[in-house]
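>>> Provided below are the primary sequence and the corresponding predicted coordinates.
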Amino acid sequence: MDVQFINPVLNAIKSTLLQMAGINNMSVGKPEVIKNYQQANGVVTGIMTMTGDKAVASIALTFTESSILSIASKMLPDNHSSVNGLVGDLVGELANIVMGDAKRQLEEKGLNFQMALPIIVIGREHLIAHKANAPVIRVPFSTQAGEFCVEAVYQPIN
């Protein structure tokens, strides 16, 4: 994994959750390499694919139920006691915001990408299918609201 790619993504998720949901006490766990098509570490995932001249990339944001419900209570008008379609839409919007910010940072480094619309998967024990053929890096986060993780794949085009 190219740190030139993953660091903007990690910075973008931290910035987005701070600005949009007021979450500022995030601790980052130890990154791990996993295989594609792994079971998610949560109940809702937003997946985005990016394509460019130099690489294909894929990002997944997966939230536990407690973390996304806490975030939803800070960002949406009503309290939510379960993960529903509106909460799923919120995850899609978070993925879109994070990837938009990461895309901007990557363009400053000369890496240009086109983004696809996010795909949202809701449910326990769902699998995450990345659209790039490279090792997947999973980075866990802990917050006062609960846990979530970021998965990233970066495949250079030769």
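Happy to help now that I have it. On a predicted model such as this, the values are computed, not experimentally measured, just so you know.
>>> next one: stretch 52-70 to chain centre, how far?
2 Å (Cα atoms, centre = their mean, to the nearest Å).
>>> for whichever strand or helix holds Val56, which positions count as buried?
In this structure, Val56 sits in strand 55-63 according to DSSP states H and E. Of the residues in strand 55-63, those buried under the neighbour-count criterion (16 or more other Cβ atoms under 10 Å) are Ala55, Val56, Ala57, Ser58, Ile59, Ala60, Leu61, Thr62, Phe63. Backbone N, C-alpha and C define where each C-beta goes, glycine included.
>>> ok, so of those residues, who is nearest Ile47?
Ala60 (4.6 Å; Cβ to Cβ).
>>> tell me the contacts of the closest one?
The contact partners of Ala60, taken as Cβ atoms under 8 Å, 6 or more residues apart in numbering, are Ala40, Thr45, Gly46, Ile47, Met48, Ile128, His130, Val150, Glu151, Ala152.
>>> got a pLDDT number for the residue nearest the centre of the chain?
The residue lying closest to the centre of the chain (Cα atoms, centre = their mean) is Leu61, at 2.5 Å. pLDDT, the model's per-residue confidence, is 96 for Leu61.
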